[in-house]
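Asks: Mind folding the following:
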Amino acid sequence: MLDPDGTTARGLECKARAVRGPDEIVDMPELLVHHHPNAAPVRVHDPESVVHIPPTVEVLGAFLLATGSSVRGIQHSVKVAMLGVLNPGIAYALGLIGLAQINASLSVIIWATEPVLIVFMAFVFLHERLPLSNLFCLAAAMAGLVLVIGTPSQGDSLPGVVLTFSAVLACALYSILLRRMNLTDGTLPIVFLQQTSALVFAVVVLFVAPGRSFGSINATQSQVASAIVAGALYYGVAFLLYVAGLRRTSAARAGMFLTLIPVFGLLFSALVLGEALDTGQFLGSMVVIGSMTMLARRSVGQSPRRIEPQPER
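Replies: Presented below is the predicted three-dimensional model:
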């Protein structure tokens, strides 16, 4: 299941899961661009921070017209729009600011806590209870992530950590709120409305943020093209798949599959960029993939289990 949660350098992915190499690649689809260590970081008030969103909305709108779908009559349309402001809107902004203050390796570790947060919040707010075997799969996957991620770098700031964790929390909350709404409308109109709301939020931030700049985009044409394509894949395709999947299973199970994101980042860095995986990363990836395969097989035909409130005596 693809992850919709986002921040910059997040490779889906509402995420700073960086692929390390000579030219550091921030593998968050929100800004999938080559970022040299000495280059100035992208900020929320820079034009390039939102270059990927308008084309995504246009693509979703085109599909909306082609399929004859409409956003009119969507249940709880205001709430659905506000979810788009939450994620990718607020989550992306917080993650982008946080990433500028901490190292990518620490950001990866913070984002890796999202599946656990979703499982915990689903238990508290949705009364979803996972079988013991599923919890074992989650524990094994998190252990695999430890091998994949490695040791974080030093010199990170506390505000950056807090902001990044806030972005993770916003993404986890998005999954819980969307699952709780039990929407019956089509997935495409829902995602289109959310991404349009996120675009409006991003434009407002671009105009009101201090130090804003409306000059030329500080990136090459290939970097801009990469950002546009990656944004369409993430905000368009990935959000569609994630929302569609989330509506068909429990939030806890959906969240557990997000442990695959760093694994996919490593695999694509090896296939596309030719980067080598060390032994720990390879073993960790196999553990995560094996755990999620076992979870998928055990989840077939299972319905979410809820803790029923006890009757008053």
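Asks: close enough to count as contact, Asn87 and Leu169?
Replies: No - Asn87 is beyond contact range of Leu169, at 10.4 Å (criterion: C-beta atoms under 8 Å). No exception for glycine: its C-beta is placed from N, CA and C like everyone else's.
Asks: With neighbour numbers in mind, choose between the two.
Replies: Counted by other C-beta atoms under 10 Å, Asn87 and Leu169 do not tie: Asn87 has more neighbours, with 26 against 17.
Asks: Could you grab the helix/strand/coil label for the more buried one?
Replies: When classified by DSSP: H, G, I helix; E, B strand; the rest coil, Asn87 comes out as helix.
Asks: Now do the contacts for the residue lying closest to Ala270 once chain neighbours are set aside.
Replies: In space, Ala270 comes closest to Leu277 once its chain neighbours are excluded; the distance is 5.7 Å by C-beta to C-beta, 6 or more residues apart in numbering. Leu277 sits next to Leu266, Ala270, Ser285 when contact means C-beta atoms under 8 Å, 6 or more residues apart in numbering.
Asks: how about the CA coordinates for the longest helix along the chain, as PDB?
Replies: Taking DSSP state H as the assignment, the helix of the chain that covers the most residues is helix 158-181. Taking Å, rounded to 0.1, in the frame of the first residue of the first chain, the C-alpha atoms of helix 158-181 are listed here in PDB:
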ATOM      1  CA  LEU A 158      15.300  20.000  19.000                       C
ATOM      2  CA  PRO A 159      12.900  22.300  17.100                       C
ATOM      3  CA  GLY A 160      13.600  20.300  13.900                       C
ATOM      4  CA  VAL A 161      12.800  17.100  15.700                       C
ATOM      5  CA  VAL A 162       9.600  18.500  17.200                       C
ATOM      6  CA  LEU A 163       8.400  19.900  13.800                       C
ATOM      7  CA  THR A 164       9.200  16.600  12.000                       C
ATOM      8  CA  PHE A 165       7.400  14.500  14.600                       C
ATOM      9  CA  SER A 166       4.400  16.900  14.400                       C
ATOM     10  CA  ALA A 167       4.300  16.200  10.600                       C
ATOM     11  CA  VAL A 168       4.300  12.500  11.300                       C
ATOM     12  CA  LEU A 169       1.500  13.000  13.800                       C
ATOM     13  CA  ALA A 170      -0.500  15.000  11.300                       C
ATOM     14  CA  CYS A 171      -0.100  12.200   8.700                       C
ATOM     15  CA  ALA A 172      -1.200   9.500  11.200                       C
ATOM     16  CA  LEU A 173      -4.200  11.600  12.300                       C
ATOM     17  CA  TYR A 174      -5.200  11.900   8.600                       C
ATOM     18  CA  SER A 175      -5.500   8.100   8.300                       C
ATOM     19  CA  ILE A 176      -7.500   7.900  11.500                       C
ATOM     20  CA  LEU A 177      -9.900  10.700  10.600                       C
ATOM     21  CA  LEU A 178     -10.400   9.500   7.000                       C
ATOM     22  CA  ARG A 179     -11.100   5.900   8.200                       C
ATOM     23  CA  ARG A 180     -13.500   7.200  10.900                       C
ATOM     24  CA  MET A 181     -15.600   9.100   8.300                       C
END
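Asks: Quick check: mean pLDDT of that helix?
Replies: Regarding helix 158-181, the rounded mean pLDDT is 94.
Asks: Quick one: list the elements packing against the helix or strand bottoming out on mean pLDDT in the chain.
Replies: One helix or strand of the chain scores below all others by mean pLDDT, DSSP states H and E: helix 221-231, with a mean of 79. Applying 3 or more C-beta pairs under 8 Å, 6 or more residues apart in numbering; DSSP states H and E, one finds that helix 221-231 contacts helix 53-66.
Asks: Name the spans of this structure whose pLDDT lies under the cut-off.
Replies: Along the chain, segments meeting pLDDT under 70 span 1-49, 151-156, 210-219, 300-313.
Asks: What's the first helix or strand after the longest helix of the chain?
Replies: helix 187-208 (DSSP states H and E).
Asks: Distance from that next one to the middle of the chain?
Replies: Its chain's C-alpha centre and that of helix 187-208 lie 16 Å apart, by C-alpha atoms, centre = their mean, to the nearest Å.
Asks: got the contact list for that helix?
Replies: 44-45, 47, 49-50, 53-54, 56-57, 60-61, 63-64, 67, 69-71, 74, 77, 80-85, 87-90, 92-93, 183, 212, 235-236, 239-240, 243-244, 247.
Asks: which among the residues you listed end up buried?
Replies: Listed as buried from the contacts of helix 187-208 are 44-45, 47, 49-50, 53, 56-57, 60, 64, 69, 71, 74, 80-81, 83-85, 87-90, 92-93, 183, 235-236, 239-240, 243, 247; burial here means 16 or more other C-beta atoms under 10 Å.
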